[in-house]
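Asker: fold the following for me, if possible:
(2 chains)
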Number of protein chains: 2
Amino acid sequence: MHPADVPLQDALDALADPVRRTIVRELAATPDWTRACGTFDLPVTKATRSHHFAVLRGAGLIEQRDEGPRRLNRLRRAEFDARFPGLLALVLAEPAGTAPAEPASDPGDGASADSGNGD
Amino acid sequence: MHPADVPLQDALDALADPVRRTIVRELAATPDWTRACGTFDLPVTKATRSHHFAVLRGAGLIEQRDEGPRRLNRLRRAEFDARFPGLLALVLAEPAGTAPAEPASDPGDGASADSGNGD
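Answerer: Okay, the predicted model is just below:
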């Protein structure tokens, strides 16, 4: 999926997961086409790992190509920035490790919602 | 919750819901403290409506105050912009009605993820 064709909903869904943001940050820190999917240290099963990469691809965040047994990745930084200015910068500015290692069953909702009215 | 104290996770969770983005867009289009919660035309139950406003408040997107029987709202636009530059602009630029009226049971994930490799 090219970022130009991605709805905001898909971009937000893709980036609302802390494991996927970790992948994005690690890809941003390495040259294009040098990281294979299997080289990421993620606290998830292999099937879940594949799902995360598929979601990132579907949201226009990464491009992939197979090289022998390895599936290499590239962050579509410029194209995604052009479609959603500022969004990737927020993800890349997030300190690693601040997000939970695994998403909660009901991430975000409710946890901080009942802290009071008005502020 | 003041936006300065909001984790990126909570901001993304709050804005990944199309009903909440609708509320944000409508608040941006009206003067502060003029819209009561009950005046939004939302395809949800009253309890769900209250939940959405609580999530927005917890993510630092809105401030609320009670005035008699009405709970009035203000979009914390400047403060949220300062914390997450560009994010609110993406939401406000999204054409109304492009998002589904109600979130899918598994929003985003999978639907567009299997459209092919490499692009």
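Asker: which residues in chain A form strands?
Answerer: Taking DSSP state E to define them, one finds strands in chain A at A:35-36, A:62-67, A:70-75.
Asker: kindly confirm whether my reading is correct that A:Glu26 touches A:Cys37.
Answerer: No: if you go by CB atoms under 8 Å, A:Glu26 and A:Cys37 don't touch, sitting 11.3 Å apart. All C-beta spots, glycine's among them, are computed from the backbone N, C-alpha and C.
Asker: what's the single longest helix in chain A?
Answerer: Counting residues, the longest helix found in chain A (DSSP state H) is helix A:46-58.
Asker: packing partners for that one?
Answerer: Contacts defined by 3 or more CB pairs under 8 Å, 6 or more residues apart in numbering or on different chains; DSSP states H and E place helix A:46-58 against helix A:8-15, helix A:18-28, strand A:62-67.
Asker: how does it look with 10 Å?
Answerer: Where contact means 3 or more CB pairs under 10 Å, 6 or more residues apart in numbering or on different chains; DSSP states H and E, helix A:46-58 is packed against helix A:8-15, helix A:18-28, strand A:62-67, strand A:70-75.
Asker: export the ones you listed to a markdown table and tack on mean pLDDT and mean neighbour count?
Answerer: Shown next, in a markdown table, are the helices and strands packed on helix A:46-58 (pLDDT from 0 to 100; neighbours: other CB atoms under 10 Å in any protein chain shown):
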| stretch | mean pLDDT | mean neighbour count |
| --- | --- | --- |
| helix A:8-15 | 98 | 24 |
| helix A:18-28 | 98 | 21 |
| strand A:62-67 | 97 | 16 |
| strand A:70-75 | 98 | 19 |
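Asker: so can I have TSV of these showing distance to B:Thr22?
Answerer: Output for the helices and strands packed on helix A:46-58, formatted as TSV (distance: least, CB to CB, whole Å):
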stretch	distance to B:Thr22
helix A:8-15	12
helix A:18-28	25
strand A:62-67	29
strand A:70-75	31
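Asker: which of the strands of chain A sits closest to B:Trp33?
Answerer: Among the strands of chain A, the nearest to B:Trp33 by CB to CB is strand A:70-75 (41.9 Å).
Asker: and the angle for the closest one with helix A:18-28?
Answerer: Orientation note: strand A:70-75 sits at an angle of 90 degrees relative to helix A:18-28 (axes from the mean of the first three to the mean of the last three CA atoms, to 10 degrees).
Asker: briefly note if strand A:70-75 comes near chain B.
Answerer: Yes: using CB under 10 Å from any CB of the partner chain, strand A:70-75 reaches chain B at A:71, A:74.
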